[in-house]
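**Q** just coords:
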């Protein structure tokens with residue numbers, strides 16, 4: 001029998017030093033890894049489509065999975081039965097009608113303002129609508145992240161991000177959310193009213209907007225706050241005018257199912273990316289999960305306050321707001337992580353422009369690959385890494401903002417063109 005060679009303190013120090021400095025992640029390696037991820041993503045996407053010639057994948061689910069929810073809600077609304085989107089039986093029957101068989105159920109937990117966005121989708125056949133949705137929202141995502149990256153990086157880091165494949169595979173709205181978050185954050189200083197319109201348009205996903213009013217108040221961005229509030233009010237009134245009060249009543253009644261989905265782990269705690277879900281995954285009681293999430297929210301608010309006091313209106317404000325919004329939500333799925341592309345782009349650009357600070361390269365790499373491994377590690381190994389990685393990312397964004405308060409919030413590409 002042989003004994004394992006003990007790890008020497010010097011070797012441990014060397015390993016930690018490499019992680020701290022990021023010396024292991026050279027530019028050539030980063031580019032190579034990125035291209036490998038992009039090629040793998042494209043290959044997986046093409047193979048999955050090829051294995052689903054009639055729109056049903058090898059797992060028996062429709063291509064785009066969650067998009068069946070959006071398309072079916074649109075069809076119901078176009079038929080004059082928008083409240084049916086919140087009736088599980090009616091909505092499920094509409095989903096089953098797409099392919100003439102039961103392909104599982106994708107719930108519609110969104111407020112009626114999202115029906116305003118979904119409404120045109122039902123005018124096209126399902127697969128055509130899915131393609132149009134992903135191309136349109138994907139283009140908005142690309143344009144927004146490119147503005148944050150600036151020149152010199154190309155499209156590889158934008159589309160190699162594994163969250164792109166995750167969001168596209170689900171047919172979800174992560175691209176749209178990333179575009180609205182990113183554009184709103186980009187325009188905070190230059191065009192505060194338009195920034196508020198973009199952030200207010202996120203009302204279709206209110207659980208991701210919990211931190212936005214707090215962040216705007218902390219930063220004293222009252223014009224943006226007011227514009228966001230007006231945008232939300234207009235969207236609500238438009239949805240009432242178009243779909244009726246009964247649709248909102250149906251949404252309110254259906255919210256009990258949404259809460260049960262979170263609290264009872266109906267989606268699966270391993271699929272969730274929040275601290276709330278991590279506590280539940282480890283067997284923690286409901287009160288502890290809510291308590292831990294509340295403490296985390298308080299810490300996040302403290303980080304935003306500290307950033308504004310030490311470096312008011314710094315270039316880190318928008319990226320910090322976005323990461324904080326994701327961390328604060330107890331209901332967060334892996335396709336939502338595509339929104340992280342904005343703060344990752346900002347930090348990559350700033351690190352390349354000046355220099356990378358301690359731990360930045362390592363945390364950037366961890367956050368970049370997170371969407372590819374987070375669900376698998378949580379479900380198979382009970383290792384929910386997302387809260388830890390996002391927390392580290394927020395800390396480094398705030399730290400860079402305090403260290404370089406004059407850094408530009410983003411490249412002028414989008415702002416100048418708009």
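**A** Happy to help now that I have it. Owing to the predicted nature of the structure, the values given are computational and were not obtained by experimental measurement.
**Q** so where's the stretch 301-418 of the chain uncertain?
**A** 405-418 (pLDDT under 70).
**Q** do that again at 80, thanks
**A** Confidence mapping of the stretch 301-418 of the chain against pLDDT under 80 gives the ranges 404-418.
**Q** That one: helices as residue ranges?
**A** Counting by DSSP state H, counting those that start in this stretch, the stretch 301-418 of the chain has helices at residues 317-328, 341-353, 360-381, 386-403, 413-417.
**Q** what sits against the residue most central in space within the chain?
**A** Nearest to the geometric centre of the chain sits residue 336, at 2.7 Å (CA atoms, centre = their mean). Counting by CB atoms under 8 Å, 6 or more residues apart in numbering, residue 336 touches 174, 177, 208, 273, 326. For glycine as for every other residue, the C-beta is placed from the backbone atoms N, C-alpha and C.
**Q** 7 Å instead, please
**A** Shown in contact with residue 336 (CB atoms under 7 Å, 6 or more residues apart in numbering): 174, 177, 208, 326.
**Q** What are the contacting residues of stretch 150-162?
**A** For stretch 150-162, the surrounding residues in contact (CB under 7 Å, 6+ apart) are 34-35, 37-38, 41, 142, 145-146, 149, 341, 348-349, 368-369, 371-372, 411, 413.
**Q** What ranges in this protein fall below the confidence cut-off?
**A** Looking at the chain by pLDDT under 80, you get 1-23, 25, 152, 266, 404-418.
**Q** Cross the contacts of residue 336 against helices and list the overlap.
**A** 174, 177, 326 (DSSP state H).
**Q** Now those residues in CSV, please, with extra columns for neighbour count and distance to residue 225.
**A** Output for the ones in helices among the contacts of residue 336, formatted as CSV (neighbours: other CB atoms under 10 Å; distance: CB to CB, whole Å):
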residue, neighbour count, distance to residue 225
174, 27, 25
177, 26, 19
326, 25, 20
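**Q** circling back: just the buried subset of the contacts of stretch 150-162, please.
**A** 34, 37-38, 41, 142, 145-146, 149, 341, 348-349, 368-369, 371-372, 411, 413 (16 or more other CB atoms under 10 Å).
**Q** quick one: contacts for the residue nearest to residue 320 when sequence neighbours are not counted?
**A** Nearest non-adjacent residue to residue 320, counting by CB to CB, 6 or more residues apart in numbering: residue 397, 4.8 Å away. By CB under 7 Å, 6+ apart, the residues touching residue 397 are 316, 319-320, 323, 343, 347.
**Q** Need the nearest residue in space to residue 359, chain neighbours excluded.
**A** In space, residue 359 is closest to residue 20, 5.7 Å off (CB to CB, 6+ apart).
**Q** Does the one you found lie in a helix or a strand, and which?
**A** helix 9-21 (DSSP states H and E).
**Q** Next, the angle from the helix or strand following that helix to helix 341-353.
**A** Using DSSP H and E, the helix or strand that follows helix 9-21 in sequence is helix 27-50. Interaxial angle, helix 27-50 versus helix 341-353 (axes from the mean of the first three to the mean of the last three CA atoms, to 10 degrees): 160 degrees.
**Q** List the buried residues in helix 27-50.
**A** 30, 34, 37-38, 41, 48.
**Q** tell me what that helix is packed against?
**A** For helix 27-50, the packing partners by 3 or more CB pairs under 7 Å, 6 or more residues apart in numbering; DSSP states H and E come out as helix 156-160, helix 162-170.
**Q** okay if I get those as CSV plus mean neighbour count and distance to residue 217?
**A** Below are these laid out as CSV (neighbours: other CB atoms under 10 Å; distance: least, CB to CB, whole Å):
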stretch, mean neighbour count, distance to residue 217
helix 156-160, 20, 32
helix 162-170, 23, 29
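**Q** quick one, which of those helices is nearest to residue 378?
**A** helix 162-170 (13.7 Å; CB to CB).
**Q** tell me how far the closest one is from the chain's mean position?
**A** Taking CA atoms, centre = their mean, to the nearest Å, one finds the center of helix 162-170 at 11 Å from the center of the full chain.
**Q** again with stretch 182-190
**A** Distance, centroid of stretch 182-190 to centroid of chain: 17 Å (CA atoms, centre = their mean).
**Q** Now do the buried residues in that stretch.
**A** Result for stretch 182-190 [16+ other CB under 10 Å]: buried residues 182-189.
**Q** List the contacts of that stretch.
**A** If you take CB under 7 Å, 6+ apart as the criterion, stretch 182-190 is touched by 144-145, 147-148, 194-195, 198-199, 221, 224, 313, 317-319, 321-322, 342, 409-410, 414-415.
**Q** Buried ones among these?
**A** Buried among the contacts of stretch 182-190 (16+ other CB under 10 Å): 144-145, 147-148, 194-195, 198-199, 221, 224, 313, 317-319, 321-322, 342, 409-410, 414-415.
**Q** What number of residues are in the vicinity of residue 377?
**A** Residue 377: 15 surrounding residues under other CB atoms under 10 Å.
**Q** sorry, that was for residue 74
**A** Neighbour tally, residue 74, other CB under 10 Å: 23.
**Q** do the same with residue 60
**A** By other CB under 10 Å, neighbour count at residue 60 equals 10.
**Q** Tell me the spacing between it and residue 74.
**A** Per CB to CB, to the nearest Å, residue 60 is found 23 Å from residue 74.
**Q** And residue 137, by the same measure?
**A** 15 Å.
**Q** what does residue 261 give?
**A** Taking CB to CB, one finds residue 261 at 22 Å from residue 74.
**Q** do residue 238 as well
**A** Counting by CB to CB, the separation of residue 238 from residue 74 is 16 Å.
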